[in-house]
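In: structure for this input, please:
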Amino acid sequence: MQRKLALLMLAASLLAPTIAFAACADDVRDLKVRLQREEKRDKAKAAAVRRELRPVDAPVKPGESECRNIVVRAWRILNATPTPTCPPPAGASYSLIEQCQVLQKKRQ
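Out: Predicted structure coming up:
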């Protein structure tokens, strides 16, 4: 009985990293879909995400925790709000002007 349990635990521990990497691979797939949409809007942000995803596309796959870290960093890059160009261009919206004023106050 104990041998069967030990074998079952061994099999589960050997399969767990494969299943975990599959979950990370799903996240990477979702991230790449979003990246394709983002390339049309902001090429600099898309390039930063591509640099972040290089280890995932390498022949030697990263471990689960490293893959998670890569995915989290890439999502943070994609979800970051762009910093406004200050001073704002002529005809800029009022919200952009306010953002520039707030940035200038923070810098002082």
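
In: give the contact list for residue 82.
Out: Going by Cβ atoms under 8 Å, 6 or more residues apart in numbering, residue 82 touches 42, 45. Using the backbone N, CA and C atoms, a C-beta is placed for each residue, glycine as well.

In: what's around residue 55, how many residues?
Out: Using other Cβ atoms under 10 Å, residue 55 has 14 neighbouring residues.

In: gap between residue 77 and residue 91?
Out: 29 Å (Cβ to Cβ, to the nearest Å).

In: correction: residue 24
Out: In this view, residue 24 and residue 91 are 45 Å apart by Cβ to Cβ.

In: one more: residue 101?
Out: When Cβ to Cβ is applied, the distance between residue 101 and residue 91 equals 17 Å.

In: same question for residue 81.
Out: Using Cβ to Cβ, one gets 21 Å for the distance from residue 81 to residue 91.

In: of residue 101 and residue 91, who's got more company?
Out: Between residue 101 and residue 91, counted using other Cβ under 10 Å, residue 101 has the larger neighbour count: 13 against 5.
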